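*Asks:* I'll drop the sequence and a predicted model, then ask my questions.
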Amino acid sequence: MLSFIKKLTLFCLIIATYCAFSLDAHAQGKGVLTIVTREGPVSFTVEYAITPEEKAKGLMFRKTMDKKHGMLFIYQKPTTVTMWMKDTPMSLDMFFIKRNGLIRYIEEKTQPNSTRHINSGGQVMAVLELRAGSAEDYGIKVGDQVILGK
């Protein structure tokens with residue numbers, strides 16, 4: 001019986017620690033996102049862009065970004081999204097993600113500082129921006145599954 005109580009206590013401590021770290025990451029506007037590709041899963045640390053101000057700023061004025069880092073623009077409901085690269089001096093790959101987590105469209109190797117509009121091609125719930133070449137480097141394709149928090 002004592003062994004069961006010790007195991008239960010340890011389990012509760014592990015869960016509490018995980019929750020504390022998850023809440024802290026969310027409070028800081030960061031998290032982990034995994035894309036399940038045909039070659040296997042690949043994970044990225046992402047910053048969340050949720051508010052209109054965060055979405056408007058995006059990755060503007062940033063000159064570099066770590067290889068496995070990105071920004072996830074999250075929308076409250078499915079919507080057709082238009083992005084651009086104004087004041088963004090680094091090239092990006094953009095992944096437009098449907099409500100079911102599947103990638104709808106990929107815009108690869110965007111032109112830095114461009115005001116050309118990049119359309120989602122239909123309703124999406126999120127847009128993921130990663131360093132240019134990420135789609136090619138990790139074998140990410142339309143139809144791959146995106147999982148938040150894994």
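*Replies:* Cool, the structure landed.
*Asks:* and after the helix or strand of the chain with the lowest mean pLDDT, which helix or strand comes next?
*Replies:* Least confident helix or strand, the chain: helix 2-27 with a mean of 41, by mean pLDDT, DSSP states H and E. Later in the chain than helix 2-27, the nearest helix or strand by DSSP states H and E is strand 30-37.
*Asks:* next secondary structure after that next one?
*Replies:* Assigned by DSSP H and E, the successor of strand 30-37 is strand 40-49.
*Asks:* what sits up against that following strand?
*Replies:* For strand 40-49, the surrounding residues in contact (C-beta atoms under 8 Å, 6 or more residues apart in numbering) are 26, 29-35, 54-55, 57-58, 66, 68-74, 128, 130, 138, 140, 150. Placement of C-beta: from N, CA and C, glycine included.
*Asks:* report the buried residues of it.
*Replies:* V42, F44, V46, E47, Y48, A49 (16 or more other C-beta atoms under 10 Å).
*Asks:* any idea of the mean pLDDT in the helix or strand where M71 lies?
*Replies:* M71 is part of strand 69-83 when elements are defined by DSSP H and E. Mean pLDDT, strand 69-83: 96.
*Asks:* after it, next one along is what?
*Replies:* By DSSP H and E, the next helix or strand past strand 69-83 is strand 92-97.
*Asks:* partner strands of that following strand, parallel or antiparallel?
*Replies:* Partners of strand 92-97 in the sheet, by DSSP bridges, are strand 103-107 (antiparallel), strand 118-131 (antiparallel).
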